[in-house]
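1. coords please:
(one chain, ligands or ions: 1)
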Amino acid sequence: MVLNVGSLNVDIVFNVPHVVQPGETIQGHGVHRFAGGKGLNQSLALARAGVEVVHAGCIGSDGVWLRKVLEESGVGCEHVAVTGEVSGSAFIQVDKRGQNAIVVDAGSNGKVCAASFTSLFAAYGRADFLLLQNEVSDIAHLMELGQQRGMTVVFNPAPCGPEVNGYPLGLVDWLIVNETELVQLSDCDDMERGIERLLQRLTKVRIVLTLGSDGARYIDKETSFSVPAIETKVVDTTAAGDTFIGYLLAGIIEGKTIREAMELAAAAAAVTVSRLGAATAIPWRREVARLLCGEL
Ligand code: RIB
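-> All right, here's what the predicted structure looks like:
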């Protein structure tokens, strides 16, 4: 089973000709409100891939519909609490090429407190996965709780700020990063040397590096290999990484090889980028299967 302690955001998406520059005012081509948040997106991807997942986190009373979105896809939401704060939100610009620029405000995601989940963690053990991103508070304690229960700790340090290097990253089993996050975490501009540094520092870690249209790469102390991205028409890249992570874990939990799990994840991410929005774009398993059969 997967326990995901993660964010839930209201995404306000503007379609723009280009990402707005300082001092500039531009005309958009439409605005939409979607469910999002890296945590919510990853839980949805897991559930739509067919994995049993419990989501824990905090929303404001304005965000009860976000919990419903998770529930409708089969995610366990008993531990999504309503706080007095406004829900987390994201302001997203999507340009003509489908590339995005995102500003996130934590809102109630910043009220997550690991101590309130102690009894929840008691239900999990060695066979289970703890999934974390960097959009909720108290990540360091959450990692410690996961490790105390013997869970496999999966961390996606996004968005990556300087605080991340103060977390007990040695407790992380799977680190899933993009190139920017790799540079920040390793404090090294050269990708290969950055990887080396992380492998030396985080003794048990397995690294999955997501590379957008260049696919993804797996690295541990013994091996390194890449899988390509699947070419598709790009409408909006939002939540592509989240979809990749959910489906990657799903594949691993099902007992696929890491390469097979990454190929499944790449296919799922390709479906996501062909659609607008975050939660709405994340495919169900049957849709990914159709893409892999050449039917989509
Ligand atoms: O990864 C995409 C997500 O990042 C969006 O849904 C937005 O809420 C931000 O958290």
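2. Spit out the contact partners of the residue most central in space within the chain.
-> Relative to the mean C-alpha position of the chain, the nearest C-alpha, by Cα atoms, centre = their mean, is the one of residue 242, at 3.5 Å. Taking Cβ atoms under 8 Å, 6 or more residues apart in numbering as the definition of contact, the neighbours of residue 242 are 38, 41, 42, 45, 278, 282. Bear in mind the C-beta positions are built from the backbone N, C-alpha and C, glycine included.
3. can you check residue 109 too?
-> Contact analysis of residue 109 by Cβ under 8 Å, 6+ apart lists 7, 8, 9, 37, 39, 57, 58, 87, 88, 135, 136, 137.
4. Pull up the residues of the stretch 1-150 of the chain that are close to the ligand.
-> The stretch 1-150 of the chain comes close to the ligand at residues 9, 11, 36, 37, 38, 41, 90, 102, 104, 135, as judged by Cβ under 6 Å from any ligand atom.
5. at 5 Å instead, please
-> If contact is defined as Cβ under 5 Å from any ligand atom, the residues of the stretch 1-150 of the chain in contact with the ligand are 9, 11, 36, 37, 38, 90.
6. Isn't the second one up against residue 90?
-> Going back to what we said before, that points to residue 11. Yes: A contact is recorded between residue 11 and residue 90 when judged using Cβ atoms under 8 Å, the distance being 4.7 Å.
7. Please say which of those two ends up with more neighbours.
-> Residue environment comparison for residue 11 versus residue 90 gives the larger neighbour count to residue 11, 26 against 22, counting by other Cβ atoms under 10 Å.
8. Tell me the first helix or strand C-terminal of the host helix or strand of the more buried one.
-> Per DSSP states H and E, residue 11 falls inside strand 9-15. Counting by DSSP H and E, the element after strand 9-15 in chain order, helix or strand, is strand 31-36.
9. ok now the helix or strand just after that following strand, how far from the chain's centre?
-> Tracing the chain C-terminally past strand 31-36 and defining elements by DSSP H and E, one meets helix 38-49 next. Here the centre of mass of C-alpha atoms in helix 38-49, compared against the chain's by Cα atoms, centre = their mean, to the nearest Å, lies 8 Å away.
10. which helices and strands does helix 38-49 pack with?
-> On a contact count with 3 or more Cβ pairs under 8 Å, 6 or more residues apart in numbering; DSSP states H and E, helix 38-49 meets strand 2-5, strand 53-59, helix 64-72, strand 129-133, helix 240-253, helix 258-273, helix 285-292.
11. so which of the ones you listed comes closest to residue 81?
-> Among these, the nearest to residue 81 by Cβ to Cβ is strand 53-59 (5.3 Å).
12. Need the pLDDT of residue 293.
-> Predicted confidence (pLDDT) at residue 293: the value is 88.
13. Let me know how buried it is, in neighbour terms.
-> Residues lying near residue 293 (other Cβ under 10 Å) number 8.
14. circling back: just send the contacts of residue 109 back as CSV, with pLDDT too.
-> As requested, the contacts of residue 109 are arranged in CSV below (pLDDT from 0 to 100):
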residue, pLDDT
7, 98
8, 98
9, 98
37, 98
39, 98
57, 98
58, 98
87, 98
88, 98
135, 98
136, 98
137, 98
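15. Buried ones from those, can you make that a ChimeraX selection?
-> Selecting in ChimeraX just the buried members of the contacts of residue 109, where the criterion is 16 or more other Cβ atoms under 10 Å, is done with this command:
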select :7,8,9,37,39,57,58,87,88,135,136,137
